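**Student:** just the structure for this:
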Amino acid sequence: MGLLGSILPLILILVVLYFLIILPQQRRQKKHQEMIASLKRGDRVVLSSGILGVITNVKDNTFIVKIAENTEIEVEKSAIAYKIGTSTS
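**Tutor:** Below is the predicted model of the structure:
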């Protein structure tokens, strides 16, 4: 009983950490991946750097984003923070 009594609080802490930290982070990551997968040409986005732009081309692992007149940049898909006009949470 002594060993179980000393291990039980540790197990309880790990379970609480899982439900308060790990599980919500996994949900946010899945939601972000779904948002990135749904992006298409013409969508207005905000990059993780804070730059706003419009997607002009979709490639396998990158997007071409127009950030100003005659200025396009190629960014990793993971660099998209969120789509403008959708919830940011």
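**Student:** do a quick rundown of the helices in the chain.
**Tutor:** Counting by DSSP state H, the chain has helices at residues 2-17, 23-38.
**Student:** those helices: lowest mean pLDDT?
**Tutor:** The stretch with the lowest mean pLDDT among the helices of the chain is helix 2-17, at a mean of 89.
**Student:** related to what we said a few turns ago, in JSON lines: the helices of the chain, plus mean neighbour count and distance to Ile51.
**Tutor:** All C-beta atoms are positioned from the backbone trio N, CA, C, and that covers glycine. Converted to JSON lines, those look like this (neighbours: other C-beta atoms under 10 Å; distance: least, C-beta to C-beta, whole Å):
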{"stretch": "helix 2-17", "mean neighbour count": "9", "distance to Ile51": "35"}
{"stretch": "helix 23-38", "mean neighbour count": "11", "distance to Ile51": "16"}
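**Student:** is it possible to get JSON lines of the ones you listed that adds distance to Asn57?
**Tutor:** Shown next, in JSON lines, are the helices of the chain (distance: least, C-beta to C-beta, whole Å):
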{"stretch": "helix 2-17", "distance to Asn57": "42"}
{"stretch": "helix 23-38", "distance to Asn57": "15"}
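**Student:** work out which residue lies at the spatial centre of this protein.
**Tutor:** Against the mean C-alpha coordinate of the chain, by C-alpha atoms, centre = their mean, the closest residue is His32 at 3.6 Å.
**Student:** burial count for the closest residue to Leu39 other than its chain neighbours?
**Tutor:** The shortest distance from Leu39 to any non-neighbouring residue, by C-beta to C-beta, 6 or more residues apart in numbering, is to Ile55 (6.0 Å). Using other C-beta atoms under 10 Å, Ile55 is surrounded by 19 other residues.
**Student:** before we move on, what about Val45?
**Tutor:** Counted with other C-beta under 10 Å, Val45 comes out at 23.
**Student:** quick one: it and Phe63, what's the gap?
**Tutor:** For Val45, the distance to Phe63 equals 8 Å [C-beta to C-beta, to the nearest Å].
**Student:** what touches both of the two?
**Tutor:** By C-beta atoms under 8 Å, 6 or more residues apart in numbering, Val45 and Phe63 have these common neighbours: 39, 55, 80.
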